[in-house]
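# Sequence below, structure please.
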Amino acid sequence: MYGGGCRGPSAYTDHVSARRPHLVSPATGDALAASLAALRTQLDLPDGFPADVLAEAQAAAHHVRAEPSGEVHDLRDVELLTIDPEGSRDLDQALHLQRTADGAVLHYAIADVPAFVQPTGALDAEARARGVTLYAVDGHIRLHPAVLSEGAASLLPGQDRRAFVWRFELDERAVPRRTTLVRAVVRSRAQWTYEDAQRAIDDGSGPASLLALPWFGQQRTERERERGGASLNSPEIDVSPADGTYRLERRRTLPVEDWNAHVSLLTGMAAARIMLDGGIGILRTMPEADPDDVAAFRAQTVALGLDWPEDIGYGEYLRTLHGDDPATLAVQDAAASLFRGAGYTAFDGEPPKDTVQSAIAAPYAHTTAPLRRLVDRWSLVVCEALANGHDVPAWARESLPELPKLMGRADQRAARLENATVDRVEAAVLTGHENRVFTGVVLGHRGDGARVQLTGPLVSVKVPDLDAAAGTTVQLRLQRADVATGEIDMVPA
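Residues are numbered from 1 along each chain as shown. Presented below is the predicted three-dimensional model:
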């Protein structure tokens, strides 16, 4: 899987092609591989790790012990499990969810990456330069060396591991009544894929933690609705290697993925509250949509026949958008334009003026993926110190102001990689079909052109000077598809 849903809201296929992946021809596959390799050079992506970074990571993997001590609790009796995409080895999170007479108890273990990274060391410096793990089609570019990210620091099943463990006592509405956070030694019992977990939930054969997830997810979805939070019910676009070539396909997320995501959302909201109460930390923020943009979006829903009623909140309206019809696709595309301006806000002392992540409709912090995202390492150590009455480590306090810039740069590089990769794969899918006429749906207009999603294959293009309203079905002729650059030229037929 590549990058978690490239161009999610614009994903559209007809009912036939929605079930069928689109393969790049083997003849074009070699050209695509060369283009993707050249892209790494163009984006100046790192290739491997320097020798001193590898040496430091290997030493940490050897010397850091997963053993209980005075400040490290023994929670190996908690029957944790992980839920991740198939083939994952960098396992940041493990959970245990147990229903009670009036709610539930949730344990959420997060990999203790700070135990392995010496502040100001070579490994720390390299991680700050990278910012995030990049999930490239032709090989991942890890935030940390594999000896840690897929080995000693990963919450692999059947292994004693260091972790930060959140414990939530939840009421019957899945709202925390009490929250604690400690460092501990844990042992995951099993590694589940999303597909296997969904089947075990559906047929009732899964362990108690899995069988309790639908209740938790449904309750947290309802709490999101009450807050006015918003999320797009749009499919993901996956790009992956396949039998010596590449595959482009559309995939709708499984319910268990959404339920599992709500565990991370709950934890991120708890982390934000701890940091705001403690007067130090770093938040993931996003401003409210501009009123003019909201008004324009509302007008577009009316024009497309999917009116957004005045008495229904934005998030609640978005949750009604399902299906693959042109109007729904166009509305989803327009809605995505309102999810803009996300960033990071660090503070030490007076809390920032704007603390809310507007899509979540609450203060929020990234804190559950330290193997794959730099900022989470800071969130974890700050929250653990505040939760237990300790001083925030000096290295974390002193370097907090640097994080927004580091993470902003990393996010921009990840976005450039994702967009350029999909452009090249889409061009490869269309190569050999020059002069063919394709049917598409106009999603909206950007600058001097219209964005059009073809109904098959799974490709979106910008068509200059196309004068057609969003939701309109159009016929386009392919003139050129350049795998080397990802450029696609289409004109009205």
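# Can I get the biggest strand by length in the chain in PDB? Just the C-alpha atoms.
Counting residues, the longest strand found in the chain (DSSP state E) is strand 176-193. The C-alpha trace of strand 176-193 is given here as PDB (Å, rounded to 0.1, in the frame of the first residue of the first chain):
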ATOM      1  CA  PRO A 176     -12.800   8.900  29.700                       C
ATOM      2  CA  ARG A 177     -13.500   9.200  33.400                       C
ATOM      3  CA  ARG A 178      -9.900   8.700  34.400                       C
ATOM      4  CA  THR A 179      -6.700   8.700  32.300                       C
ATOM      5  CA  THR A 180      -3.200   7.600  33.300                       C
ATOM      6  CA  LEU A 181       0.100   7.300  31.400                       C
ATOM      7  CA  VAL A 182       3.100   5.300  32.500                       C
ATOM      8  CA  ARG A 183       6.200   3.800  31.000                       C
ATOM      9  CA  ALA A 184       6.100   0.000  31.100                       C
ATOM     10  CA  VAL A 185       7.200  -3.300  29.700                       C
ATOM     11  CA  VAL A 186       4.500  -5.000  27.600                       C
ATOM     12  CA  ARG A 187       4.000  -8.000  25.400                       C
ATOM     13  CA  SER A 188       1.700  -8.100  22.400                       C
ATOM     14  CA  ARG A 189      -0.100 -11.400  22.000                       C
ATOM     15  CA  ALA A 190      -1.000 -11.200  18.300                       C
ATOM     16  CA  GLN A 191      -0.600  -9.100  15.200                       C
ATOM     17  CA  TRP A 192      -3.800  -8.700  13.200                       C
ATOM     18  CA  THR A 193      -4.300  -7.400   9.700                       C
END
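# So which elements touch it?
strand 73-74, strand 80-84, strand 103-111, strand 160-170, helix 255-278, helix 375-387 (3 or more C-beta pairs under 8 Å, 6 or more residues apart in numbering; DSSP states H and E). No exception for glycine: its C-beta is placed from N, CA and C like everyone else's.
# and S399, which of these is closest to it?
Across the helices and strands packed on strand 176-193, S399 has its closest neighbour in helix 375-387 (7.5 Å, C-beta to C-beta).
# tell me the mean pLDDT over the closest one?
Helix 375-387 shows a mean pLDDT of 98.
# Buried residues, the helix or strand following that helix. List them.
For helix 375-387, the succeeding helix or strand toward the C-terminus, using DSSP states H and E, is helix 394-399. Judged by neighbour count (16 or more other C-beta atoms under 10 Å), helix 394-399 contains these buried residues: A396, R397, S399.
# circling back to that earlier point, angle of the longest strand of the chain against strand 160-170?
Taking axes from the mean of the first three to the mean of the last three C-alpha atoms, to 10 degrees, one finds that strand 176-193 is oriented at 130 degrees with respect to strand 160-170.
# which residues touch the following helix or strand past strand 176-193?
Reading on from strand 176-193 to the C-terminus, the next helix or strand found by DSSP H and E is helix 194-202. Here helix 194-202 makes contact (C-beta atoms under 8 Å, 6 or more residues apart in numbering) with 83-86, 192, 205-207, 210-211, 213-214, 254-257, 260.
# Show me what counts as buried in helix 194-202.
Those would be Y194, D196, A197, Q198, A200, I201, for helix 194-202 by 16+ other C-beta under 10 Å.
# Would you mind checking which of those is nearest to L371?
Y194 (18.3 Å).
# From D482, how far off is that closest one?
Y194 is 35 Å from D482, where distance means C-beta to C-beta, to the nearest Å.
# How about P68?
P68 sits 58 Å away from D482, going by C-beta to C-beta.
# try F339
The value you get for F339 to D482, if C-beta to C-beta is used, is 30 Å.
# go on, G471?
Distance, G471 to D482, using C-beta to C-beta: 29 Å.
# Among those two, which residue is more densely surrounded?
Set side by side, G471 and D482 show more neighbours around G471, with 22 against 17, by other C-beta atoms under 10 Å.
# so the more buried one sits in a strand?
No - judged by DSSP: H, G, I helix; E, B strand; the rest coil, G471 forms no part of a strand; its state is coil.
# residue contacts, it?
Per C-beta under 8 Å, 6+ apart, neighbours of G471: A303, L304, P326, A327, L329, A330, V441, V442.
# Closest to A101 out of those residues?
Taking C-beta to C-beta as the measure, A101 sits nearest to L329 out of the contacts of G471, at 45.1 Å.
# Poorly predicted segments of the stretch 301-450 of the chain, please.
Residue ranges of the stretch 301-450 of the chain with pLDDT under 70: 324.
# residue boundaries of the strands in it?
All strands of the stretch 301-450 of the chain, identified by DSSP state E, counting those that start in this stretch, fall at 343-348, 356-357, 362-363, 437-446, 449-454.
# and stretch 408-428, which residues are buried?
So, applying 16+ other C-beta under 10 Å, buried residues of stretch 408-428: 410-411, 413-414, 417-418, 420-428.
# just stretch 284-303 next, same as before
Buried positions in stretch 284-303, judged by neighbour count with 16+ other C-beta under 10 Å: R284, T285, M286, A289, F297, R298, Q300, T301.
# Of the residues you listed, which is the nearest to G244?
G244 has its nearest neighbour among those in R284, at 39.5 Å by C-beta to C-beta.
# Can you classify that closest one by secondary structure?
Three-state call for R284 (three-state DSSP): strand.
# Could you tell me which other helices and strands the lengthiest helix in the chain packs against?
Determined from DSSP state H, the single longest helix within the chain is helix 403-430. Judged by 3+ C-beta pairs under 8 Å, 6+ apart, helix 403-430 is in contact with helix 26-42, strand 236-242, strand 245-251, strand 343-348, helix 375-387, strand 473-482, strand 487-492.
# Please state the offset of the fifth one from the chain centre?
Right, helix 375-387. For helix 375-387, the separation from the chain centroid amounts to 20 Å (computed by C-alpha atoms, centre = their mean, to the nearest Å).
# Run the angle between that helix and strand 103-111 for me.
With the same axes, to 10 degrees as the basis, helix 375-387 and strand 103-111 are set at 120 degrees to each other.
# Likewise for the first one?
If you take the same axes, to 10 degrees, helix 26-42 sits at 80 degrees to strand 103-111.
# Dump helix 26-42 to PDB, restricted to CA.
Listed in PDB are the C-alpha atoms of helix 26-42, where the atom choice follows Å, rounded to 0.1, in the frame of the first residue of the first chain:
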ATOM      1  CA  PRO A  26       5.100  -4.800 -18.100                       C
ATOM      2  CA  ALA A  27       6.600  -2.900 -21.100                       C
ATOM      3  CA  THR A  28       5.800   0.400 -19.300                       C
ATOM      4  CA  GLY A  29       6.700  -0.900 -15.900                       C
ATOM      5  CA  ASP A  30      10.500  -0.500 -16.600                       C
ATOM      6  CA  ALA A  31      10.000   3.100 -17.600                       C
ATOM      7  CA  LEU A  32       7.900   3.700 -14.500                       C
ATOM      8  CA  ALA A  33      10.600   2.200 -12.200                       C
ATOM      9  CA  ALA A  34      13.200   4.500 -13.800                       C
ATOM     10  CA  SER A  35      10.900   7.500 -13.300                       C
ATOM     11  CA  LEU A  36      10.300   6.700  -9.700                       C
ATOM     12  CA  ALA A  37      14.000   6.300  -9.100                       C
ATOM     13  CA  ALA A  38      14.600   9.600 -10.700                       C
ATOM     14  CA  LEU A  39      11.900  11.200  -8.500                       C
ATOM     15  CA  ARG A  40      13.900  10.200  -5.400                       C
ATOM     16  CA  THR A  41      16.900  12.200  -6.800                       C
ATOM     17  CA  GLN A  42      14.700  15.100  -7.700                       C
END
